[in-house]
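Visitor: Fold the following and give me the result.
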Amino acid sequence: MKGIRALLAASLTTLSLSVASLPVSAAQAPIHFADLNWESGSLITEVLRVIVEKGYDLPTDTLPGTTITLETALAKNDIQVIGEEWAGRSPVWVKAEAEGKVVGLGDIVKGATEGWWVPEYVVKGDPAKGIKPLAPELRSVKDLARYKDVFKDPEAPTKGRFLNSPIGWTSEVVNKQKLKAYGLDDSYVNFRSGSGAALDAEIASSIRRGKPVLFYYWSPTPLMGRYKLIQLEEPPFDAEAWKTLTDADNPDPKPTRSLASKLSIGVSTPFQKEHPQIAEFFAKVDFPIEPLNKALAEMSEKHSQPREVAQAFLKDHPQIWKAWLTEDVAQKVEASLK
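Guide: The predicted structure follows:
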């Protein structure tokens, strides 16, 4: 009997030691975040991961994919979190949300926008650089026709040049239709860059040289944090007109500004139910646009890793993220940053 008890005690001791030696990740499956491949998405994802790991003591990792494949994976709970979801635009998301498989939490970047922009010096000038205002009364897209010579296209000098999105982007179709709707297709060349990077390079080159440039862009992005820009006014949003802009084959597009952007944190429904405290935190996330754009600009200029920039953002802006968290969670995150 004593031998059996000794054997049982030894077995329990061994089992206890084995369990104790297991890493946390073996006991707790990691929360899978989407590995987003644009600047704001990657930075926001890393901010969320740091807080989940340090504040809630849960492991995380990231899984790559396209927007469509990641949204499909979220609907199946193969991943649990998309850190920056442009909610309501993708048919995959709309279907999954209607079926109750995914949820968009919060309004994480108020002021996120897209539209047509010009450098501030085009309208106001820049005395420090000896630049005079070339379009002092430019406020709206309806003013562009009379300023076509300011934005002269070098390959078609009788027209202005509008820098559109690369071919294949949804916004490229919208902007092409807007040129028609605003009566500008005869006075401006619809110039499409080969890639997002090429669009950035064209804009940056013009601004460095103090040259006028008219372009489509969106925020939050590094470019918005780097330069002083003015967004041109467009007509108020009209849902029926918007349908004509998204239809590349519509021969009579109607003028309207783009659909309002709402950026949320996309989560699978099972994750929301399993981690209600984290879901509550996600619903409170709010990145002010100005410090976010500045952080993105620094990340781009210094070629810094998103994780590194996320930790610096948390150190520099405790007043922002502490408002999202309970006091005990915030203290744990703060302690990890020292």
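
Visitor: Direction included, what does the longest strand anywhere in the chain pair up with?
Guide: Under DSSP state E, the strand in the chain containing the largest number of residues is strand 156-164. Its sheet considered, strand 156-164 pairs with strand 152-153 (antiparallel), strand 188-192 (parallel), strand 214-219 (parallel) by DSSP bridges.

Visitor: any idea which helix or strand comes after it?
Guide: helix 170-181 (DSSP states H and E).

Visitor: and that next one, what other elements does it pack with?
Guide: strand 113-119, strand 156-164, strand 188-192, strand 214-219, helix 239-246 (3 or more Cβ pairs under 8 Å, 6 or more residues apart in numbering; DSSP states H and E). For glycine as for every other residue, the C-beta is placed from the backbone atoms N, C-alpha and C.

Visitor: how many neighbours does E298 have?
Guide: Using other Cβ atoms under 10 Å, E298 has 16 other residues around it.

Visitor: What strand or helix carries it?
Guide: Here E298 is assigned to helix 289-302, by DSSP H and E.

Visitor: name the helices or strands packed onto that helix?
Guide: Right, helix 289-302 is packed against helix 39-55, helix 222-226, helix 306-316 by 3+ Cβ pairs under 8 Å, 6+ apart.

Visitor: closest one to E85 among the ones you listed?
Guide: E85 sits nearest to helix 39-55 of all the helices and strands packed on helix 289-302, at 9.1 Å, using Cβ to Cβ.

Visitor: burial count for E240?
Guide: 8.

Visitor: how about the residue nearest to it when sequence neighbours are not counted, phi and psi?
Guide: In space, and not counting its chain neighbours, E240 is closest to K254: 7.2 Å by Cβ to Cβ, 6 or more residues apart in numbering. With angles defined as degrees, to the nearest 10, K254 sits at phi -110, psi 150.

Visitor: K254: neighbour count?
Guide: Neighbour tally, K254, other Cβ under 10 Å: 17.

Visitor: Let me know the pLDDT of it.
Guide: pLDDT for K254: 97.

Visitor: Pull the contacting residues for it.
Guide: A181, D238, E240, A241, T244, L245 (Cβ atoms under 8 Å, 6 or more residues apart in numbering).

Visitor: E290 too?
Guide: G225.

Visitor: Next, the contact list for the nearest residue to K132 once chain neighbours are set aside, please.
Guide: Of all residues not flanking K132 in the chain, G125 sits nearest, at 5.0 Å (Cβ to Cβ, 6+ apart). By Cβ under 8 Å, 6+ apart, G125 lies in contact with I131, K132, P133, P136.

Visitor: And L223, by the same measure?
Guide: Contacts for L223 were tallied using Cβ under 8 Å, 6+ apart; they are D200, I203, A204, Y217, A297.

Visitor: looking at it, L48 is touching V285, isn't it?
Guide: Yes: contact criterion Cβ atoms under 8 Å: L48 and V285 qualify, at 7.5 Å.

Visitor: any common contacting residues for those two?
Guide: Shared contacts of L48 and V285, defined by Cβ under 8 Å, 6+ apart, are found at I265.

Visitor: quick one: which of the strands paired with strand 156-164 is nearest S171?
Guide: So among the strands paired with strand 156-164, strand 214-219 is nearest, using Cβ to Cβ, at 6.3 Å.

Visitor: the inter-axis angle of the closest one versus helix 170-181?
Guide: Counting by axes from the mean of the first three to the mean of the last three Cα atoms, to 10 degrees, strand 214-219 points 140 degrees away from the direction of helix 170-181.

Visitor: Convert the C-alpha atoms of strand 214-219 to PDB, please.
Guide: Output of strand 214-219 as PDB, limited to C-alpha atoms (Å, rounded to 0.1, in the frame of the first residue of the first chain):
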ATOM      1  CA  LEU A 214      -3.600  67.800 -57.500                       C
ATOM      2  CA  PHE A 215      -4.100  64.300 -56.200                       C
ATOM      3  CA  TYR A 216      -6.400  61.800 -54.600                       C
ATOM      4  CA  TYR A 217      -5.400  60.600 -51.200                       C
ATOM      5  CA  TRP A 218      -6.700  59.300 -47.900                       C
ATOM      6  CA  SER A 219      -6.000  59.500 -44.200                       C
END
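
Visitor: Off-centre distance for it?
Guide: Offset of strand 214-219 from its chain centre (Cα atoms, centre = their mean, to the nearest Å): 14 Å.

Visitor: what about that strand, average pLDDT?
Guide: 92.

Visitor: and for it, what are the contacting residues?
Guide: Contacts of strand 214-219 (Cβ under 8 Å, 6+ apart): 111-118, 144, 151, 160-165, 171, 175, 188, 199, 202-203, 223-224, 229, 261, 289, 293.

Visitor: do that again at 6 Å, thanks
Guide: 112-114, 116-118, 151, 162-165, 175, 203 (Cβ atoms under 6 Å, 6 or more residues apart in numbering).
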